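> Let's see this in three dimensions:
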Amino acid sequence: MISLKTLFSFNGGISRQAYLTIALVGGTLKHVVNIAIATLFHRDWDWLSYLMPVGLPTQITRLSLSDIQFLVVMLAVSLPFAWVGLAITAKRFRTIGWPAWIIVLFFVPIANVASFAVAAAWPEHSAQTDTGTPSWVLRIVPADALGAALFTMVVTAVLGTLIAALGTQFMSTYGWGLFAALPFVQGTLSAYLNALRSERSLASSVGVASLSISVTALMLLAFALEGAVCIGMAFPIALGFAVIGACFGHAIGRRSRRVNVAVLLTCVFLAPTIMGAERISNRVAPTYAVVTSVDIDATPAAVWHNVVSFPDLPPPTELPFRAGIAYPIRAKIEGRGVGAIRYCEFSTGNFVEPVTVWEPGHKLAFNVAQNPEPMREWSPYGSIDEPHLHGYMVSRHGEFVLTPLPGGRTRLTGTTWYQHHLWPATYWAVWSNAIVHDIHLRVLKHIKKMSESPSYARL
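Okay, here's the model as predicted:
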């Protein structure tokens, strides 16, 4: 029988069986409660939301009253579960001899799942020993610092490359498993294996983990598994989770010089497990709206003609477009009024845009019936075709609004509503919002130039 003290007290220790039982039963109960609350608020709920410690949605923008009420209720319900989670985690870490500060990982997405899994696999503190015959892993890890670092870096980099290939090429998943769980585990294993033969400094652990992630990035590029642009965008978040993993691996590695096979297997299979869960999940990608405006020294009537269609834009000078991000070239329209089809030609193909609102001099709105590829990936072998180029970043709607300003001027505002199917959604939205904004500016500045130039303006 599990007592209330076991559930709510931070004192004492806890066995593996009790730790797993409380965590699994509590997680299941919380999931059922969250589904009930989400249903009450007419919302979807996915169990992968538990990658966040309190089970809240990651996107908190433009909150409505209903959004606020939903979040407040979810937070209130999450607090007792969070207290129990912290209590049993603190007791488990004490039982297996881990430093108390690692409990902060409870609040870090992916790290909380990984630390729970490793803590459950870790042997009891009384069963650990730093003496005895070395395992086969200890025999192949070099004893000197440089040899251990190089060995660890190569092994974990190769492992990371293989798991990344599994996730992208076979599962076609670009989410928490690939961008967070894999680098976290890679960083953990790097620090853990590096310190098997002798104690290493935290700087050494972080350095080896960072090099391991860097080598994985180079291997993905060298084997044409990913392009340079996506690797560059993914590298900051991957490096961040690798460093967190290195700190975790360094802390737990100092507690034992013996290898625990269960711990190694837990680390190796954690990322593929999360990738598989994401593959079968029915998550709905969030929709983002990017709004960009320019002021034009021309009347709305003059600007309108250049909004509907425009001739070739000059070659791009912006770095993202020169690196391979798709950029607009020209626009044309077939027909007039609602139902007309606008074609916005990009460097990778055409956006096909059926017009839904046609208000000359005021507003042009359209849906997006067809999207081209969002970029041309670069690799040493030329352009490569990756799964994330097809259906992962999709424009849904767009509009231009012309607002009259004093002095016969016009404020032209362009808005694009789009989805991207990459997680963590908040991180990738930083990149995608910036890209969409750059696309807007390229078009709006071109319209501004045409509308203000006597040789282009059509009144």
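> ranges for the helices of the stretch 51-200 of the chain?
Assigned by DSSP state H, counting those that start in this stretch, the stretch 51-200 of the chain shows helices spanning 65-96, 111-121, 136-140, 145-165, 176, 182-194.
> out of those, deepest packed?
Of all the helices of the stretch 51-200 of the chain, helix 182-194 carries the top mean neighbour count, a mean of 30, counting by mean count of other C-beta atoms under 10 Å. Quick note: C-beta positions are derived from backbone N, CA and C, even for glycine.
> Tell me the buried residues in the helix or strand following that helix?
Scanning the chain past helix 182-194 towards its C-terminal end, the next helix or strand to appear is helix 202-222 (assignment: DSSP states H and E). By neighbour count, and taking 16 or more other C-beta atoms under 10 Å as the criterion, the buried residues in helix 202-222 are 204-217, 219-221.
> Quick check: residue 241 vs residue 271, distance?
Summarising the geometry, the distance separating residue 241 from residue 271, computed by C-beta to C-beta, to the nearest Å, is 11 Å.
> Quickly list what's touching both of these two.
Counting by C-beta atoms under 8 Å, 6 or more residues apart in numbering, the residues touching both residue 241 and residue 271 are residue 181.
> how does the protein divide into domains?
As given by automatic domain parsing, the domain ranges for the chain are 1-96, 108-284, 287-452.
> Start and end of the last one, how far apart?
If I follow you right, that is domain 287-452. Across its full length, domain 287-452 reaches 34 Å end to end, with C-alpha to C-alpha, to the nearest Å as the criterion.
> now the second one
Start-to-end span of domain 108-284 (C-alpha to C-alpha) is 23 Å.
> Likewise for stretch 340-349?
End-to-end span of stretch 340-349 (C-alpha to C-alpha): 19 Å.
> which residues are contacting it?
Applying C-beta under 8 Å, 6+ apart, the set of residues contacting stretch 340-349 is 308-309, 321, 326-335, 350-355, 358, 366, 372-376.
> Which secondary structure element of this protein has the lowest mean pLDDT?
Of all regular secondary-structure elements in the chain, judged by mean pLDDT, DSSP states H and E, the least confident is helix 136-140 with a mean of 73.
> of all the domains of the chain, which gets the most neighbours per residue?
The densest packing among the domains of the chain, expressed as mean neighbour count by mean count of other C-beta under 10 Å, is seen in domain 108-284 with a mean of 20.
> The protein: strands as residue ranges?
In chain order, the chain shows strands spanning 287-296, 328-334, 341-346, 349-359, 363-367, 393-405, 409-420, with DSSP state E as the criterion.
> Where does pLDDT dip in the chain?
Residue ranges of the chain with pLDDT under 70: 1, 47-63, 125-138, 255-259, 455-459.
> And the residue nearest to residue 244 when sequence neighbours are not counted, how far from residue 346?
Nearest-residue entry for residue 244: residue 111, 5.6 Å, with adjacent residues in sequence omitted and distances by C-beta to C-beta, 6 or more residues apart in numbering. Spatial separation of residue 111 from residue 346 under the definition C-beta to C-beta is 39 Å.
> And residue 180, by the same measure?
When C-beta to C-beta is applied, the distance between residue 180 and residue 346 equals 31 Å.
> still on that earlier bit, so for residue 31, which of the helices of the stretch 51-200 of the chain sits nearest?
Among the helices of the stretch 51-200 of the chain, the nearest to residue 31 by C-beta to C-beta is helix 65-96 (10.1 Å).
> So which elements touch the closest one?
Under the contact definition 3 or more C-beta pairs under 8 Å, 6 or more residues apart in numbering; DSSP states H and E, helix 65-96 sits against helix 4-8, helix 16-40, helix 111-121.
> Please report the distance of the residue nearest to residue 81 when sequence neighbours are not counted from residue 76.
Nearest residue to residue 81 in three dimensions, chain neighbours excluded: residue 30, at 4.8 Å (C-beta to C-beta, 6+ apart). In this structure, residue 30 and residue 76 are separated by 13 Å, where distance is defined by C-beta to C-beta.
> got it, and residue 221?
Here residue 221 is placed at a distance of 47 Å from residue 76 (C-beta to C-beta).
> How about the contacts made by the nearest residue to residue 389 once chain neighbours are set aside?
Spatial nearest neighbour of residue 389, chain neighbours left out: residue 373 (4.7 Å); criterion: C-beta to C-beta, 6+ apart. Listed by C-beta under 8 Å, 6+ apart, the contact partners of residue 373 are 326, 348-349, 389-390.
> Residue 416: which of those is nearest?
Using C-beta to C-beta, residue 326 is the member of the contacts of residue 373 that lies nearest residue 416, at 13.0 Å.
> check contacts around the closest one.
Applying C-beta under 8 Å, 6+ apart to residue 326 gives the contacts 346-349, 372-376.
> between the helices and strands packed on helix 65-96, which one is nearest to residue 145?
In terms of C-beta to C-beta, the element of those nearest to residue 145 is helix 111-121, at 24.6 Å.
> and the direction of the closest one versus that of helix 16-40, what angle?
Here the directions of helix 111-121 and helix 16-40 differ by 150 degrees (axes from the mean of the first three to the mean of the last three C-alpha atoms, to 10 degrees).
> Just give me how far helix 111-121 sits from the chain centre.
The chain centroid and the centroid of helix 111-121 are separated by 21 Å under C-alpha atoms, centre = their mean, to the nearest Å.
> Kindly report the same for stretch 87-99.
If you compare the mean C-alpha spot of stretch 87-99 with that of the full chain, they lie 30 Å apart, counting by C-alpha atoms, centre = their mean.
> got it, and stretch 387-402?
The chain centroid and the centroid of stretch 387-402 are separated by 18 Å, computed with C-alpha atoms, centre = their mean.
> For it, report the contacting residues that lie outside it.
Stretch 387-402 is touched from outside by 168-169, 172, 174, 230, 287, 300, 303-304, 307, 351, 353, 357, 361-368, 371, 373-375, 377, 410-422, 432, with contacts defined as C-beta under 8 Å, 6+ apart.
> And for stretch 156-164?
Stretch 156-164 has contacts (C-beta under 8 Å, 6+ apart) with 178, 182-183, 186, 189-190, 193, 209, 212-213, 215-216, 219-220, 223, 225-226, 268, 271-272.
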